[in-house]
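[1] Pasting the sequence and the predicted model now:
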Amino acid sequence: MRKTILLAIIALTSLTTFAQTESGFGIKGGLNYNANGDYFESTGEAARNPDRNVGYHFGIFGKIGNRMYLRPELVYTKTKSDYDGDKFDISKLDLPLLVGAKIIGPLHVFAGPAFQYILDTEFEGITINDIENDFTVGVNIGAGLNLGKLGIDLRYERGFSENEATFVGNLGSGASRIDARPDQLILSLSISL
């Protein structure tokens, strides 16, 4: 009987400790190493594997949980891809909904869907006629370190939803298109408030 009560107390204590949450919120910002997909000209020519460029992001986040946690974020992101000297810029709002777990000490890993709303696109001096979908879905996966209120993480983001921007070139030779899905590494610093 005593062993059963002792095991019940240990189990209850373990569950209570695991269920305790550290809720909070904070601000974050950092750099993106980004490239979008291929560029297809109306003539059938294609510029594959664009050069990557550095962009930036900043926003807010919330956190619910401790060892296992949910971390929603709302982030403004500016990215740039280079197609043989022509630059394709995207401004968007990202809403990653991350689920994470502490591994050892300050180290944690996370993954989850990332919902994106494209605010603006520009292809260096050319008017973008149409972006197929303003709202797209992708995935974030990464790892980070929390050192008190300061955090740093590195993640990979890839867009799932096929999404193309179409435009008419300067010569009016027909519609060209760019695969606008993100493919980027994201380095972030965060501060819990």
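    The structure has been received and is ready for your questions. Quick caveat: nothing in here was measured; it's all calculated off a predicted structure.

[2] Count the neighbours of residue 142 for me.
    20 (other C-beta atoms under 10 Å). Where you see a C-beta, it was placed from the backbone N, CA and C, and this is true even at glycine.

[3] cool, residue 24 as well?
    Neighbouring residues of residue 24 were enumerated by other C-beta under 10 Å; the total is 12.

[4] Now do the buried residues in the helix or strand residue 93 falls within.
    Assigned by DSSP states H and E, residue 93 belongs to strand 86-104. Within strand 86-104, the residues scored as buried using 16 or more other C-beta atoms under 10 Å are 88, 89, 90, 92, 94, 96, 98, 100.

[5] for stretch 153-161, same thing?
    Neighbour counts using 16+ other C-beta under 10 Å place 153, 155, 157, 159 of stretch 153-161 among the buried residues.

[6] For those, name the two members farthest from one another.
    Farthest-apart pair in the buried residues of stretch 153-161 is 153 and 159; separation 19.4 Å (C-beta to C-beta).

[7] Would you mind measuring from the nearest residue to residue 32 once chain neighbours are set aside to residue 186?
    For residue 32, ignoring the flanking residues on the chain, the nearest one in space by C-beta to C-beta, 6 or more residues apart in numbering is residue 55 at 4.1 Å. From residue 55 across to residue 186, the span is 9 Å (C-beta to C-beta, to the nearest Å).

[8] Those two - which one has more neighbours?
    More neighbours surround residue 186 than the other of residue 55 and residue 186, with 25 against 21 (other C-beta under 10 Å).

[9] Next, the buried residues of the helix or strand hosting that one.
    Per DSSP H and E, residue 186 falls inside strand 183-192. Going by neighbour count (16+ other C-beta under 10 Å), the buried part of strand 183-192 is 183, 184, 186, 188, 190, 192.

[10] quick one, it and strand 86-104 angle?
    Orientation of strand 183-192 against strand 86-104 (axes from the mean of the first three to the mean of the last three C-alpha atoms, to 10 degrees) gives an angle of 50 degrees.
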